[in-house]
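Q: build me a structure from this.
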Amino acid sequence: MKKLILSAVLALSVLTFNATAQKKSSANSVVKEQVKVTIDLNQVKDDKVMVTITPPKFTSNEIVFHIPKTVPGTYSTDNYGKLIDDLKAFDNAGKEILTSKTDDNSWRISNAKALSKITYWVNDTYDTEKGSGFGKEDIFSPAGSNILEGKIFMLNTHCFIGYFDGKKDIQQNVTVLHPATLFGATSMIDIDKSDTVDNFITSRYFELGDNPIMYSKPDYETFIVDGMQILFSVYSPSGTHTAKSLLPDLEKTMRAQKAFLGSINTNKRYTVLLYLSDMQGNDAKGFGALEHHTSTTVCFPDMMPTEALGEQIKDVVSHEFFHTVTPLSIHSKEIQYFDYNDPKMSKHLWMYEGVTEYFANLFQVNQGLIDSDEFYQRMSGKINNASNLNDTMSFTEMSANVLVEPYKDQYLNVYEKGALIGMCIDIIIREKSNGERGILDLMKKLSKEYGPIKPFNDEELFAKIVSLTYPEVGEFLNTYVAGKTPIPYEVYFAKVGVTKAKIQTPVNPFLKDQSTPFITVNPTTKEIMVISSDDLNGFMTNLGLKGDDIIESINNKSYNLDNIYDLIIESQNWKSGDAITLKIKRDGVEQTIKGEVKLDTEEEEGYKMTDTSKEKLNTAWLKG
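A: Predicted coordinates for the structure are as follows:
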């Protein structure tokens, strides 16, 4: 999972079914025990949809039906049972059977031997979100749901479908009834092939929860990367963004990721579901993504400029895709046998989220998407962010207790210190192997040792890692990951020739700082104006701009109050020396200004490669 404050569902590989094979039967066929589910998207009542579940036969007098309290990858208690209204149970004659709600997420059903079906209505989550989705009661948007009749249904299946005690490991047969105008994007195989009925079969509940579905007006693209078929589906309420317009960023990213991973990833299908929120009171506000074995759900604001959205896709989707390595292929028993309603958490978030986040940055410099200086500054930023959290808390202790305070408040450190842990281990392995191996090699070996269906024991992972690497890695893990000692990052950077240095970083041409802009807006005309001041920055003085100049367009794109956010975000990508053309109005007279971008800089503490004697090891680290 990647949360963005702007911000893993786990499973086995998808079990595909050939439609023809499904129809074959014989006297020797074995009928598998299964749960049948129907979700009706054609009948929306008070912004809710009806779910009907036909259970297998029970031999007990009563049974408990659960909706998840927590799902893998979210590391929070969300109580999805609060979405359920009017749950009823019936026998074969249609007579209602007594049910009682035993907690927020569970219902006890009497006379289970006679149970024929249960029905209930499901609310969505986006309508009730209040904030960012982190540190609040909100369900994180990429793990949530939306029901907007005839337009969009975001179905994270754990929001809609529950399970019976003792029946999580039997086949799940799900039918979705939907308008013909909506396309259901998912990595599951639809064996019905109708325009209005989709039918999916999974081997168990865990696999079903691993496969979200987004029903929306068809807007998708497909491409193949090294034998993997990618489906990219986009919902943009304004129509501003399309799968076609965003495809180049996604395709470039995923090709680079596959080149970086090599043989470690063997998925044949992968789906990216991009939901763009209109940011109104009844839409998603928790931005980021949630990973699945063969897909990811992503939420961002619809108002983001295409270029900025493409950059977010590169960073966030790449993080989620690297989860196919860990924890989806390499994970503990706590994850393999996840208890949705009484979860036991693993100690190894440093690997599940941290190494994943490290890979999401390392692959970019490895594949030439960013340069080494940018990579160093990203790691420097993580060091600064980690320093604002509890740097003396045991990372393994925090991981095992992440659902409760005070550990819960430290969760964001999995993206900061967690990634830095991965970096340090990578450097240790590179140093000890003379640059021949790194942490990617370790993850490949762990993946071969375990894999999607063979979990490890939490307490045995460190010893296994040492057996595959070096004693120095074990010393690091025990001291800085299980222990409470802060990591001396300078020591590990020095091993690859990187030291602290003063870095000149460009500042935004329209902002002096986060709260002091160089531009303002006329609320009546919505025009963007240069502030009335004699203290303008180098960008403006270099182009001859003056106070009260009205900026009408830049590089042939018009700007005003309605898209000023675009201007600020897009200018983040400008570089000194870039050609630029402005159309302005000064004292009522329009004029065109042509010139070059000149950006002011500010001095920050960061890291640079300074020790040329370590150049070979540095190159092996970043490019090996």
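
Q: over to Q229. Which of the three states is it?
A: Here Q229 is recorded as strand under DSSP: H, G, I helix; E, B strand; the rest coil.

Q: number of residues surrounding the residue nearest to it when sequence neighbours are not counted?
A: What sits nearest to Q229 in space, not counting adjacent residues and going by C-beta to C-beta, 6 or more residues apart in numbering, is R269, at 5.3 Å. Placement of C-beta: from N, CA and C, glycine included. R269: 17 surrounding residues under other C-beta atoms under 10 Å.

Q: now do D198
A: D198: 24 neighbours (other C-beta under 10 Å).

Q: likewise for the one 5 residues further on?
A: A count of nearby residues for S203, using other C-beta under 10 Å, gives 17.

Q: also D534?
A: So D534, with other C-beta under 10 Å, has 6 neighbours.

Q: number the chain from 39, please
A: Fine by me, first position is 39 from now on; the one you just mentioned is D572.

Q: which pLDDT does the model give it?
A: Per-residue confidence (pLDDT) for D572: 83.

Q: for T362, same thing?
A: For T362, the predicted pLDDT is 88.

Q: next: I607.
A: 84.

Q: now it. Nearest residue, chain neighbours left out?
A: A346 (4.3 Å).

Q: how about that neighbour, what does it touch?
A: 607-608, 610 (C-beta atoms under 8 Å, 6 or more residues apart in numbering).

Q: now the residues you listed in JSON lines, with neighbour count and distance to K486?
A: Shown next, in JSON lines, are the contacts of A346 (neighbours: other C-beta atoms under 10 Å; distance: C-beta to C-beta, whole Å):
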{"residue": "I607", "neighbour count": "18", "distance to K486": "42"}
{"residue": "E608", "neighbour count": "18", "distance to K486": "45"}
{"residue": "Q610", "neighbour count": "15", "distance to K486": "41"}
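
Q: just to revisit the earlier point, the residue nearest to I607 and F338: what is the separation?
A: When distance is defined by C-beta to C-beta, to the nearest Å, A346 is 9 Å away from F338.

Q: picking that back up, backbone dihedrals for the residue nearest to I607, please?
A: phi -70, psi -40 (degrees, to the nearest 10).

Q: that one and I208: what is the separation?
A: Applying C-beta to C-beta to A346 and I208 gives a distance of 45 Å.

Q: then S315?
A: 36 Å.

Q: max-length strand in this protein?
A: Counting residues, the longest strand found in the chain (DSSP state E) is strand 72-83.

Q: thinking the residue nearest to Q267 is in contact with T362, fair?
A: No. Using C-beta atoms under 8 Å, R307 is not in contact with T362; the gap is 11.5 Å.

Q: name the residues contacting each of those two.
A: Common neighbours of R307 and T362, using C-beta under 8 Å, 6+ apart, are T332.

Q: quick revisit: okay, S315 and I208: which has more neighbours?
A: Counted by other C-beta under 10 Å, S315 and I208 do not tie: S315 has more neighbours, with 23 against 18.

Q: need the nearest residue in space to the more buried one, chain neighbours excluded.
A: In space, S315 is closest to A322, 4.0 Å off (C-beta to C-beta, 6+ apart).

Q: tell me who's in contact with that neighbour.
A: 164, 167, 179, 182, 184, 313, 315, 337.

Q: what number of residues lie near the second one?
A: Going back to what we said before, that points to E167. Other residues near E167 come to 22 when the count uses other C-beta under 10 Å.

Q: give the buried residues for stretch 526-535.
A: 527, 530-535 (16 or more other C-beta atoms under 10 Å).

Q: now swap in stretch 483-491 and tell me
A: 483-485, 488-490.
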